[in-house]
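Student: Just need the structure, nothing else, for what follows:
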Amino acid sequence: RKEYASTVNTLITHWEGLIQEKVNDKSYRMSRKTRENLEKLIGSNGYDEIVRSFCTEFIFYNCQSKEDVKEGVPGRHGIAHSWFDRYPSKKVALNAILFTDFLLKLNPLSTEESA
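Tutor: Modelled structure (predicted):
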């Protein structure tokens, strides 16, 4: 039915929780902490700088206005705070699905790594 916004909006709301769960972080969820936790996960799973860069530049990038929105990617802040001014495309929905799948497949940190 080409209702891509439903896919994107539903998935992005779970990313912070998935990341926190994988690093055993029980603290209050904050964007800065989420990015730090994601970096820990990426590193402990053996991914290199290109994955870290993608997450920083296209998923959890700084977006505080409509001018900051990057087209074609499921930027969490742009979507969650309604900064985007176009209906999400099929590409954005697919990127959201792929990023969610990536998060789900990451191995969680051990208790020692979490500390």
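Student: from memory V73 sits against N95, does it?
Tutor: Yes. If you go by Cβ atoms under 8 Å, V73 and N95 touch, sitting 5.8 Å apart. Backbone N, C-alpha and C define where each C-beta goes, glycine included.
Student: joint contacts of those two?
Tutor: F58 (Cβ atoms under 8 Å, 6 or more residues apart in numbering).
Student: Name the SS class of F54, please.
Tutor: Here F54 is recorded as helix under DSSP: H, G, I helix; E, B strand; the rest coil.
Student: State the distance from it to I42.
Tutor: In this view, F54 and I42 are 10 Å apart by Cβ to Cβ, to the nearest Å.
Student: Please identify which of these two sits among more neighbours.
Tutor: Applying other Cβ atoms under 10 Å to F54 and I42 shows that I42 carries more neighbours, namely 19 against 16.
Student: Show me what counts as buried in the helix or strand that contains that one.
Tutor: Element membership for I42 (DSSP states H and E) is helix 31-44. Residues 33-35, 37-38, 40-42, 44 are the ones in helix 31-44 that count as buried (16 or more other Cβ atoms under 10 Å).
Student: Please tabulate these in TSV, including the columns distance to E112 and pLDDT.
Tutor: Formatted as TSV, the buried residues of helix 31-44 follow (distance: Cβ to Cβ, whole Å; pLDDT from 0 to 100):
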residue	distance to E112	pLDDT
K33	19	91
T34	21	90
R35	22	90
N37	15	93
L38	19	93
K40	12	92
L41	15	94
I42	18	94
S44	11	93
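Student: burial of the residue lying closest to R86 once chain neighbours are set aside, as a residue count?
Tutor: Counting by Cβ to Cβ, 6 or more residues apart in numbering, R86 lies nearest to E71, which is 7.6 Å off, once chain neighbours are set aside. A count of neighbours around E71, defined by other Cβ under 10 Å, yields 11.
Student: and L11, how far is that from L109?
Tutor: 22 Å.
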